[in-house]
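[1] Quick one, fold the following:
(one chain, ligands or ions: 1)
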Amino acid sequence: MSMGGAIATMIDTVTGTHATFLSGPVMTANLNINYRRPIPLGSTVLLESSLEKKEGRKTFITCRVTSTDGSKLHTETSALFLSITASHLLGG
Ligand SMILES: CCCCCCCCCCCC(=O)SCCNC(=O)CCNC(=O)[C@H](O)C(C)(C)COP(=O)(O)OP(=O)(O)OC[C@H]1O[C@@H](n2cnc3c(N)ncnc32)[C@H](O)[C@@H]1OP(=O)(O)O
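    Next comes the predicted model:
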């Protein structure tokens with residue numbers, strides 16, 4: 001079975017890239033993952049990322065991980081990304 005942290009990394013990467021394309025530079029503020037069914041090691045899965053809403057600096061994204069035919073739901077996620085400036089990355 002795939003480790004939860006490895007699954008979280010896939011989800012953070014896909015939803016973070018999605019948020020970046022929509023909103024520019026962002027950081028993950030919240031990642032809420034419900035693990036519904038285990039992902040067998042070596043299996044291929046589908047990640048579907050959707051914009052829920054944008055409110056000011058906040059970009060809310062949802063993401064489902066399913067089997068490739070969509071019949072089996074592995075995880076459901078809601079994520080919040082905050083737009084940042086370069087100075088935030090430098091600790092300002
Ligand atoms: C092209 C290929 C690219 C490829 C791109 C690849 C993308 C990969 C993306 C991965 C990104 C990461 O994993 S980043 C690494 C993991 N994340 C982190 O280390 C983030 C650590 N946290 C922080 O730096 C900070 O807390 C921030 C930036 C998230 C927010 O700080 P801030 O900017 O000072 O904002 P702050 O004033 O606190 O909050 C602003 C508003 O957001 C709300 N808010 C803040 N945090 C939360 C929260 N966790 N849950 C709910 N709400 C929150 C506040 O209530 C407030 O609402 P209101 O009062 O205004 O309504």
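[2] Get me the contact residues on the protein for the ligand.
    12-13, 16-17, 20, 27-30, 58, 80, 82, 84, 88 (C-beta under 6 Å from any ligand atom). C-beta coordinates here come from the backbone N, C-alpha and C atoms, glycine included.
[3] Secondary structure of A19: a helix, I assume?
    Yes: judged by DSSP: H, G, I helix; E, B strand; the rest coil, A19 forms part of a helix.
[4] Look up the closest residue to it, ignoring the ones flanking it.
    With C-beta to C-beta, 6 or more residues apart in numbering as the criterion, A19 has its nearest non-adjacent residue at 3.9 Å, and that residue is F81.
[5] what separates whatever helix or strand the one you found lives in from the chain centre, distance-wise?
    Per DSSP states H and E, F81 falls inside strand 73-83. Its chain's C-alpha centre and that of strand 73-83 lie 4 Å apart, by C-alpha atoms, centre = their mean, to the nearest Å.
[6] Quick one: residues in contact with it.
    Here strand 73-83 makes contact (C-beta atoms under 8 Å, 6 or more residues apart in numbering) with 7, 11-12, 15-16, 19, 23-39, 45, 52, 57-67.
[7] Would you show me how to pick out the buried ones of the residues you listed in PyMOL?
    Listed next is the PyMOL selection for buried residues among the contacts of strand 73-83, using 16 or more other C-beta atoms under 10 Å:
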select buried, resi 7+11+12+15+16+19+23+26+31+33+39+45+58+59+60+61+63+64+65+66+67
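[8] From the contacts of strand 73-83, which land in helices?
    Among those, the members found in helices (DSSP state H) are 7, 11-12, 15-16, 19, 23.
[9] Now the residue of the chain at minimum distance from the ligand: closest residue in space, sequence neighbours ignored.
    Residue nearest to the ligand within the chain (C-beta to the nearest ligand atom): G16, separated by 2.4 Å. Leaving aside its sequence neighbours, G16 sits nearest to T28 (C-beta to C-beta, 6+ apart; 6.1 Å).
[10] bridging residues for the one you found?
    F81 (DSSP bridges).
[11] This completes my enquiry, with thanks.
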